[in-house]
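Chemist: Here is my input; please provide its structure:
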Amino acid sequence: MKAFILAAGLGERLRPLTGALPKPLVPVFNRPVIGHVIDALFAAGCTEIGINVHAFPEKMTAYLTEHREDADRLTLFHEEELLGSVGTIRRCREFFADGPVLVTCADIISTTDFAALIEQHMRRRPTVTMAGVPVTADWSGDYVETSDGISVRSFSYKPGRPVGDSVTGCYGTWIAEPGLLDGVAPEAFDVSRDVLTALPSGARTMDVFEDDRVRLCDVGEYELLHLANTKGIEGVFRTDHRAREAAPGVYDQGDTDLRPAAGLRGPVLLGREVVLGEGCELSGPLVVGHRAVIGAGARVVDSVLLPGCAVPDGAVVEHTVYGDPAAVWPAMVANLF
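Modeler: Alright, predicted model coming up:
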């Protein structure tokens with residue numbers, strides 16, 4: 001099955017970071033968040049992935065075509081103007097024409113079982129299968145109501161707190177058969193708002209694949225970027241940090257000299273070319289970006305130090321995302337893996 005990653009969003013809630021690089025390239029474990037999504041889709045058996053790009057297309061193209069071994073299985077579609085998910089699918093109609101396509105977002109870290117989602121869809125072949133999770137008391141996103149736990153009776157678009165029985169939350173991951181947009185109005189913009197709310201209808205059916213084991217995090221704002229990294233290093237999202245354990249609870253993506261540090265309490269992930277100042281203290285959960293410099297006597301606790309950042313001597317950094325947005329991409333692109 002093919003997959004398509006929606007990656008053209010502006011990431012306005014992540015400014016000023018997204019004033020220097022596109023949201024799909026913000027770092028989770030010092031790798032672009034979209035890289036984790038691509039890895040998961042290929043691991044589930046997807047054969048080819050389409051990706052729409054808009055902001056900073058030169059950075060997106062560089063990462064996806066020059067720094068990935070699977071670049072020959074990635075197809076990029078550049079949008080000069082934002083088209084919305086409906087416009088994107090229409091523009092890429094040939095990609096969607098020859099079979100079902102799994103669609104997901106570039107900025108969501110999750111434990112979605114893509115292989116099981118694909119298996120259910122191929123066995124039942126509805127028009128659309130939505131990935132879903134049990135709703136919580138504070139759920140405010142899309143949700144579906146089902147008649148049997150799978151067959152969808154109705155789809156509600158960001159309506160606030162769900163009401164009714166047999167309700168499942170949806171988070172922007174779905175499989176669609178060709179012809180999803182047949183008969184859809186020309187002015188339609190968003191698939192969830194303008195297409196899925198009209199399903200099921202006649203022969204056009206919708207299923208949900210609910211998995212109560214899924215853990216997910218949309219990295220669309222600083223608090224959630226912090227969460228994706230710090231909870232990730234604790235193992236919540238099963239994200240691969242590609243690092244060796246250099247000391248108990250300390251994982252190193254490079255070859256950091258740990259000797260200057262006065263204290264290292266994990267879990268801590270260190271990127272490549274990290275410099276630790278004499279007497280600094282690091283307390284996890286903590287992710288330290290590539291080429292970060294931590295000054296002498298500095299103390300860093302429960303934070304994300306962005307690639308290329310410099311923590312001054314004696315500074316205290318706690319419970320935050322810290323760094324210079326302009327330094328992030330140069331430090332990342334020199335250490336992509």
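
Chemist: Low-confidence bits of the stretch 151-300 of the chain, can you list those?
Modeler: 160-165 (pLDDT under 70).

Chemist: Would you state the strands of it in chain order?
Modeler: Assigned by DSSP state E, counting those that start in this stretch, the strands in the stretch 151-300 of the chain fall at 152-156, 167-176, 206-210, 216-218, 244-247, 250-252, 263-265, 268-270, 275-276, 281-283, 286-288, 293-294, 299-301.

Chemist: and the third one, how far from the chain's centre?
Modeler: Here the centre of mass of C-alpha atoms in strand 206-210, compared against the chain's by Cα atoms, centre = their mean, to the nearest Å, lies 21 Å away.

Chemist: any idea where the strands of the stretch 1-150 of the chain begin and end?
Modeler: Counting by DSSP E, counting those that start in this stretch, the stretch 1-150 of the chain has strands at residues 2-6, 27-28, 31-32, 49-53, 74-78, 101-105, 108-110, 128-134, 143-146.

Chemist: between the ones you listed, which gets nearest to L180?
Modeler: strand 128-134 (6.7 Å; Cβ to Cβ). Bear in mind the C-beta positions are built from the backbone N, C-alpha and C, glycine included.

Chemist: counting contacts, what elements does the closest one pack onto?
Modeler: Applying 3 or more Cβ pairs under 8 Å, 6 or more residues apart in numbering; DSSP states H and E, one finds that strand 128-134 contacts helix 114-124, strand 143-146, strand 167-176, strand 206-210.

Chemist: Tell me which of the ones you listed sits nearest to P57.
Modeler: P57 sits nearest to strand 167-176 of all those, at 22.1 Å, using Cβ to Cβ.

Chemist: Check which helices and strands the closest one sits against.
Modeler: strand 101-105, strand 108-110, helix 114-124, strand 128-134, strand 143-146, strand 206-210.

Chemist: Let me have those in JSON lines, adding mean neighbour count as columns.
Modeler: JSON lines is the format used below for the helices and strands packed on strand 167-176 (neighbours: other Cβ atoms under 10 Å):
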{"stretch": "strand 101-105", "mean neighbour count": "24"}
{"stretch": "strand 108-110", "mean neighbour count": "25"}
{"stretch": "helix 114-124", "mean neighbour count": "17"}
{"stretch": "strand 128-134", "mean neighbour count": "24"}
{"stretch": "strand 143-146", "mean neighbour count": "22"}
{"stretch": "strand 206-210", "mean neighbour count": "24"}
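
Chemist: Out of the ones you listed, which is closest to G297?
Modeler: Nearest of the helices and strands packed on strand 167-176 (Cβ to Cβ): strand 108-110, 33.4 Å.

Chemist: neighbouring contacts of the closest one?
Modeler: 28, 33, 36-37, 171-173, 214-219, 228, 232, 237, 239 (Cβ atoms under 8 Å, 6 or more residues apart in numbering).

Chemist: Likewise for stretch 264-274?
Modeler: By Cβ under 8 Å, 6+ apart, the surrounding residues in contact with stretch 264-274 are 29-30, 233-234, 241, 243, 246-256, 258, 281-294, 307, 331, 335.

Chemist: residues of it that come out buried?
Modeler: Within stretch 264-274, the residues scored as buried using 16 or more other Cβ atoms under 10 Å are 264, 266-274.

Chemist: Need the distance between the two termini of it.
Modeler: The first residue of stretch 264-274 is 14 Å away from its last residue (Cα to Cα, to the nearest Å).

Chemist: next one: stretch 246-259
Modeler: 12 Å.

Chemist: do stretch 50-57 as well
Modeler: 15 Å.

Chemist: Give me the distance from it to the chain's centre.
Modeler: With Cα atoms, centre = their mean, you get 15 Å for stretch 50-57.

Chemist: Counting neighbours, show which residues of it come out buried.
Modeler: Applying 16+ other Cβ under 10 Å to stretch 50-57 flags 50-56 as buried.

Chemist: And those, which is closest to V316?
Modeler: For those, the residue nearest V316 by Cβ to Cβ is F56; the value is 32.7 Å.

Chemist: what's near enough to touch the nearest residue to Y171 once chain neighbours are set aside?
Modeler: Leaving aside its sequence neighbours, Y171 sits nearest to L216 (Cβ to Cβ, 6 or more residues apart in numbering; 5.9 Å). By Cβ under 8 Å, 6+ apart, L216 lies in contact with 108-112, 133, 171, 237.

Chemist: can you check A315 too?
Modeler: Contacts of A315 by Cβ under 8 Å, 6+ apart are 295, 298-299.

Chemist: same question, G172
Modeler: 6, 104-105, 108, 142, 192.

Chemist: Y157 now?
Modeler: 142, 192-193, 196-197 are the contacts of Y157 under Cβ under 8 Å, 6+ apart.

Chemist: Cool, thanks, talk later.
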